[in-house]
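> model this:
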Amino acid sequence: MKRLRVLASAYACNPLSSLQLHPGEDIAGWRLVEQISRFHDVWVISHSYNRAGVEKGLKEKNLPHVKFYFYHLPSWLRFLSRIEFGKRIYYYLWQLGAWKLAENLNRKVHFDLAHHLTFGNDWIPSFIGALLPIPFVLGPVGGGQKTPRGLRKEYSLYGRFAESARNIAQWFGRRDYFRRLGLEKARAILVCNQETEAMIPNRLKGKIFLFPVNGILEEDIRFDIDPPPDHGIFRVLTAGRMHRLKGFALAIKSFSLFLKKYPGSEFLLIGDGPEGRRLRKLVHDLSLEDKVKIIPWLPRNELLKTMFSSHVVVFPSFRDGGGAVVVEAMAAGRPVVCLDSGGPGFHVQPEWGIKISPNSSEAVIKEMADALEKLFLDKALRKSLGLQAKQRVEEFYLWDRLGERLQGIYQFALKSGSKYPDLPIEH
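This is a model prediction of the structure:
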């Protein structure tokens, strides 16, 4: 396949991963751009907040086939990006401006393909995809996942209001003319979980590909899975932004239940965010200060080291589209306990982890505690799950492998849907 001229829309694309904004999307955008540039010439339109990180990243890793263009809305609209729901309005408006920039670039470059990378959201339209007169690939996108009904009571009053507002916005967003136009025009639609796949009209199913929004670098994988150091403590770990949708309170409560039977255990929660104060109060109320350690954000290499020193990773997110922590735990050869929902439910299968049905808070707490007990008592099971998790990462989640799959999807898209069985693509 010849080198294409690819236009990439990547609002979030930052190798430094801006913790205050959207770290998962930032890294995904950057890695996807890296992979596309292995095979093609890429022009990237991104938000200006990424400029410093991108410039530093380009100094550390030369990407000769990539050109970046940064765009931001007028400063008087910046207040929208500081309000939870306002962020969606800001992003919608940003895409309009990005489309005008893309239109001007296309007159000069004459792109072969446009690819919307980030934000990975199925219910906010891509104006570049809908309006540019060139072949279009969308995704990977999420957004179809919702907080399970039985777990909504875990949210504060404001959290319930915010979730309801999101549901309403999704209903209107999926009826947006430009969203529907973009889906119809897309030659390939990449989705990162089954819930989002279900939101795509049935007539378009033939161009849908399950494609994770999270990957792993080969250097982050240990080829021999060492057991955690024998420090006499069974260590359970979770990590991520302390946001209401992550379900960390349920993880703490389930560990408290598990701890009553197995007191030689500890729980590490790595991260920070708006739920931090509430989670620290919960630890205090349950008298777990000696057993639950809340650690601020760690550099990624330190986080991976801490995973290697842990026995099990839990990640009870209610509606995560991706779930990078899950893939990192699998790469570390550690079994994962998660909810059967969103990205984690897609990443984890019974051969290499334990999924909990998201029925009710009480049921999740008990079943998660039971899963910890099962893994605590059966060292052989822990090792078996960990080995198969690592194997799954090597086969499916290495960024270079994802880049090769994307190359196959581009061929599919440019052949107007003609599928070549030997290409590394999976419906």
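> Gly321 versus Gly86, what's the distance?
Counting by CB to CB, to the nearest Å, the gap from Gly86 to Gly321 is 20 Å. Glycine gets a C-beta too; all of them are placed from N, C-alpha and C.
> So for those two, which sits in the more crowded spot?
Taking neighbours as other CB atoms under 10 Å, Gly86 and Gly321 compare with Gly321 leading, 28 against 14.
> What's opposite the residue nearest to the more buried one when sequence neighbours are not counted in the beta bridge?
Nearest in space to Gly321, with sequence neighbours left out and distances taken as CB to CB, 6 or more residues apart in numbering, is Gly142 at 2.6 Å. Per DSSP bridges, the residues bridged to Gly142 are Asn121.
> Quick check, Leu131 in contact with Ala98.
No: using CB atoms under 8 Å, Leu131 makes no contact with Ala98, being 10.9 Å away.
> quick one, which of those two is more surrounded?
Ala98 (25 against 19).
> for the helix or strand hosting that one, which positions count as buried?
Taking DSSP states H and E as the criterion, Ala98 maps to helix 86-109. Neighbour-count burial for helix 86-109 flags Arg88, Tyr90, Tyr91, Tyr92, Trp94, Gln95, Ala98, Trp99, Ala102, Leu105, Asn106 (criterion: 16 or more other CB atoms under 10 Å).
> so what does the host helix or strand of Phe209 touch, helix or strand wise?
Phe209 belongs to strand 208-210 when assigned by DSSP H and E. On a contact count with 3 or more CB pairs under 8 Å, 6 or more residues apart in numbering; DSSP states H and E, strand 208-210 meets strand 188-191, helix 194-197.
> That strand pairs with which strands, and in what direction?
As assigned by DSSP bridges, strand 208-210 forms pairs with strand 188-191 (parallel).
> chain center to the strand it pairs with, what's the gap?
Remark: strand 188-191 is offset 15 Å from the chain centroid, using CA atoms, centre = their mean, to the nearest Å.
> Out of the helices and strands packed on strand 208-210, indicate the one that is most buried.
Among these, strand 188-191 has the highest mean neighbour count (mean count of other CB atoms under 10 Å), at a mean of 26.
> after the strand holding Phe209 comes which helix or strand?
Next along from strand 208-210, by DSSP H and E: strand 234-239.
> Show residues contacting that next one.
228, 248, 251, 255, 258, 262, 264-271, 303, 306-307, 309-316, 325, 329, 334, 372, 376 (CB atoms under 8 Å, 6 or more residues apart in numbering).
> sorry, back to before: can you list contacts of the helix holding Ala98?
Contacts of helix 86-109 (CB under 8 Å, 6+ apart): 5, 7, 9, 11, 43, 45, 47, 69, 71-73, 77-81, 111, 114, 119, 124-128, 131-132, 134, 169.
> Ok, stretch 40-48 next?
3-13, 29, 33, 36, 54, 65-72, 94, 98, 101-102, 105, 109, 111, 128, 410.
> 7 Å instead?
Here stretch 40-48 makes contact (CB atoms under 7 Å, 6 or more residues apart in numbering) with 3-11, 13, 33, 36, 65-72, 94, 98, 101-102, 105, 109.
> Show me the residues you listed that map onto strands.
Arg5, Val6, Leu7, Ala8, Ser9, Ala10, Val66, Lys67, Phe68, Tyr69, Phe70, Tyr71 (DSSP state E).
> Give the buried subset of those as a ChimeraX selection command.
Buried residues among those (16+ other CB under 10 Å), as a ChimeraX selection:
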select :6,7,8,9,10,66,68,70,71
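> Please produce TSV containing the ones in strands among the contacts of stretch 40-48, extended by distance to Ile208 and pLDDT.
What follows is these, written out as TSV (distance: CB to CB, whole Å; pLDDT from 0 to 100):
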residue	distance to Ile208	pLDDT
Arg5	25	98
Val6	21	98
Leu7	22	98
Ala8	20	98
Ser9	19	98
Ala10	21	97
Val66	28	97
Lys67	30	97
Phe68	29	98
Tyr69	29	98
Phe70	31	97
Tyr71	29	96
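> just curious, which of the ones in strands among the contacts of stretch 40-48 is nearest to Leu339?
Ala10 (28.8 Å; CB to CB).
> Which strand residues bridge that closest one?
For Ala10, the beta-bridge partners are Thr118 (DSSP bridges).
> mind listing what it touches?
Contacts of Ala10 (CB under 7 Å, 6+ apart): Gly29, Val33, Val44, Ser46, Leu117, Thr118.
> let's see it at 8 Å
Neighbour list for Ala10: Gly29, Leu32, Val33, Val44, Ile45, Ser46, Leu117, Thr118 [criterion: CB under 8 Å, 6+ apart].
> same question, Arg180
Per CB under 8 Å, 6+ apart, neighbours of Arg180: none.
> so how far is whichever strand or helix holds it from its chain's centroid?
Per DSSP H and E: Arg180 is located in helix 177-185. Centre-to-centre, helix 177-185 and its host chain are 23 Å apart (CA atoms, centre = their mean).
> Tell me the buried residues in stretch 39-57?
Neighbour-count burial for stretch 39-57 flags 39-47, 49-50, 53-54, 57 (criterion: 16+ other CB under 10 Å).
> follow-up on the earlier one: could the helices and strands packed on strand 208-210 go into a markdown table alongside distance to Glu395?
Shown next, in a markdown table, are the helices and strands packed on strand 208-210 (distance: least, CB to CB, whole Å):
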| stretch | distance to Glu395 |
| --- | --- |
| strand 188-191 | 18 |
| helix 194-197 | 19 |
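> Run through the residues that contact the residue positioned nearest the centre of the chain.
Nearest residue to the geometric centre of the chain (CA atoms, centre = their mean): Gly322, 2.9 Å. Contacts here follow CB under 8 Å, 6+ apart; on that basis Gly322 touches Gly24, Ala28, Gly120, Gly142, Cys192, Pro212, Val213, Asn214, Gly342, Gly343.
> go with 7 Å
Applying CB under 7 Å, 6+ apart to Gly322 gives the contacts Gly24, Gly142, Cys192, Pro212, Val213, Asn214, Gly343.
> Then Trp30?
For Trp30, the contact set (CB under 7 Å, 6+ apart) comprises Cys13, Asn14, Pro15, Gly57.
> right, and the helix or strand after the worst-scoring helix or strand of the chain on mean pLDDT?
One helix or strand of the chain scores below all others by mean pLDDT, DSSP states H and E: helix 300-308, with a mean of 87. Using DSSP H and E, the helix or strand that follows helix 300-308 in sequence is strand 312-315.
> Would you mind pulling the contact partners of that following strand?
236-238, 251, 307, 323, 325-326, 329, 334-338, 344, 368, 372, 375.
> same check, this time on stretch 362-376
Applying CB under 7 Å, 6+ apart, the external contacts of stretch 362-376 come out as 234, 236, 250, 253-254, 257-258, 261-262, 312, 314, 316, 335, 337, 339, 354, 356, 358, 381-382.
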